[in-house]
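Trainee: below are the sequence and a predicted model for it; my questions follow.
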Amino acid sequence: MSRPRLQSGIADPEFPVTMKSRDELRAAVLGYIERGYTRSTQPDEFEALALSVFRYQFARNEPYQRFCQMRGVSAGSISSWNEVPAVPTAAFKEAALICDGPESAEAVFRTSGTTQGAERKGIHYVRDLSLYRAAAVLNFRAHVLPEAVSLRMLILGPPPELAADSSLTWMLELVRRELGTDESAYYVDEKGLRADELLTTLAQCEARAAPACLLGTAAAFVHLLDELERRRRSFSMPAGSRIMETGGFKNHGSEIEREEFYQALVKGLGVSPFYCVAEYGMTEMCSQFYDNVLRERARGRSPAHRVKVVPPWVRTRVVDAETLEPLPPGELGVLRHFDLANLDSVSAIQTDDLGIEGEVAGGGGFEIVGRATGAGLRGCSLAIDEWLATQ
């Protein structure tokens, strides 16, 4: 199949792409993110900004432009963010999805691994870390530290020098540096969990009645719980202590339920399940999603169940796994995100994560159900086939 003719350098007459206009667009996106939780944005402001971001990406991101042309979409042919072609996450394994090429990237993040080998990792080239920083700090503070406190961060993960291309590690270092106390530290090295040091720190926090925030993957917390069980230890962390965990739930290779996992955390660490906040993030996105439970309780509300909150600068839709058409609230489908913080890569991301659109106070949200696999992913498979045909 021949490639569609590339129109690189041909600007949309309604949005002249110059370096100045890119800087203006960056300032507009950054301002929107920074004002997001103040509710000082207009309902149609996201729409206008999203369309400008798409036009910029269409003109300056060559692989993405070819994909859009394959779908018959041009810079001026759509009128809503809902119509922006969404790139399947697998596309990040196939091309450098960044405006003006990978040499413009300030940071390079890679997915954690794949059965296809290290050379098939997805790569997200991030041109502007200031957008990532703004989205990450504001969102973490809103949902993990809603009382505007500063806590000692106990990170169950490797420091940046051991995982320089991990977006999660970069985000945790940002949290440690900007929102943690001076005593914040990492408790994983090249040999694994530094259990002796971590348990000593937990005992200190317990003795001083000093609350702390433990952060890491669910797998890392399972290792900690196994260590506590092996040593027949448990803690009653001071009031205000909390946990931020991310990733799947496994124990010795088998899946465990979130409720069972949180019960084990309560038993081993004495942290209320309402202070256990799950994060959902992707290497391909500069923004993250968090449970609503702690933020809602800080507002004096009692959430009926856990829902991931969509930040004001992101839009999330649940779409049919076969047709990729939007589904009504309450129906199970695959998640699609539009992230303004992805200014210089691709804002519209089609995942293969299963979810259900839900409601949270003051805005939309969704529940994560799992990963779609096999024949049920026909729409996503067709999307990646279309992508490969354009590269």
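Mentor: Alright, I've got the coordinates.

Trainee: what pLDDT, on average, does stretch 342-351 get?
Mentor: Stretch 342-351 carries an average pLDDT of 97.

Trainee: check what pLDDT the residue nearest to S104 when sequence neighbours are not counted gets.
Mentor: Excluding the flanking residues, the one nearest S104 by CB to CB, 6 or more residues apart in numbering is R127, at 5.2 Å. For the C-beta atoms, the positions are set from N, CA and C on the backbone; glycine is no exception. The pLDDT attached to R127 in the predicted structure is 95.

Trainee: can you get me a residue count around R127?
Mentor: 20 (other CB atoms under 10 Å).

Trainee: and the helices in the protein?
Mentor: 19-35, 45-60, 62-70, 129-144, 167-179, 195-208, 218-231, 258-269, 293-298, 378-390 (DSSP state H).

Trainee: which of the ones you listed has the lowest mean pLDDT?
Mentor: For these, mean pLDDT drops lowest on helix 378-390, to a mean of 51.

Trainee: and the gap between the residue nearest the centre of the chain and T169?
Mentor: With distances taken as CA atoms, centre = their mean, the residue of the chain nearest its centroid is G281 (2.4 Å). To T169, G281 is 12 Å away according to CB to CB, to the nearest Å.

Trainee: do A321 as well
Mentor: 31 Å.

Trainee: and the residue nearest to the centre of the chain, backbone torsions?
Mentor: phi -140, psi 170 (degrees, to the nearest 10).

Trainee: please name the nearest non-neighbouring residue to it.
Mentor: Nearest non-adjacent residue to G281, counting by CB to CB, 6+ apart: Q288, 4.0 Å away.

Trainee: residues touching that neighbour, list them.
Mentor: A135, A136, N139, F140, M171, E279, Y280, G281 (CB atoms under 8 Å, 6 or more residues apart in numbering).

Trainee: I'd say the residue nearest to S104 and D344 touch.
Mentor: Yes: using CB atoms under 8 Å, R127 is in contact with D344, at 3.7 Å.

Trainee: identify the contacts common to these two.
Mentor: I98, C99, D100, S104.

Trainee: which ChimeraX command selects the buried ones in those residues?
Mentor: ChimeraX command restricting the shared contacts of R127 and D344 to the buried ones, with burial defined by 16 or more other CB atoms under 10 Å:
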select :98,99
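
Trainee: Serialize the shared contacts of R127 and D344 to TSV and add fields for distance to Q204 and pLDDT.
Mentor: As requested, the shared contacts of R127 and D344 are arranged in TSV below (distance: CB to CB, whole Å; pLDDT from 0 to 100):
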residue	distance to Q204	pLDDT
I98	44	97
C99	47	97
D100	49	95
S104	45	94
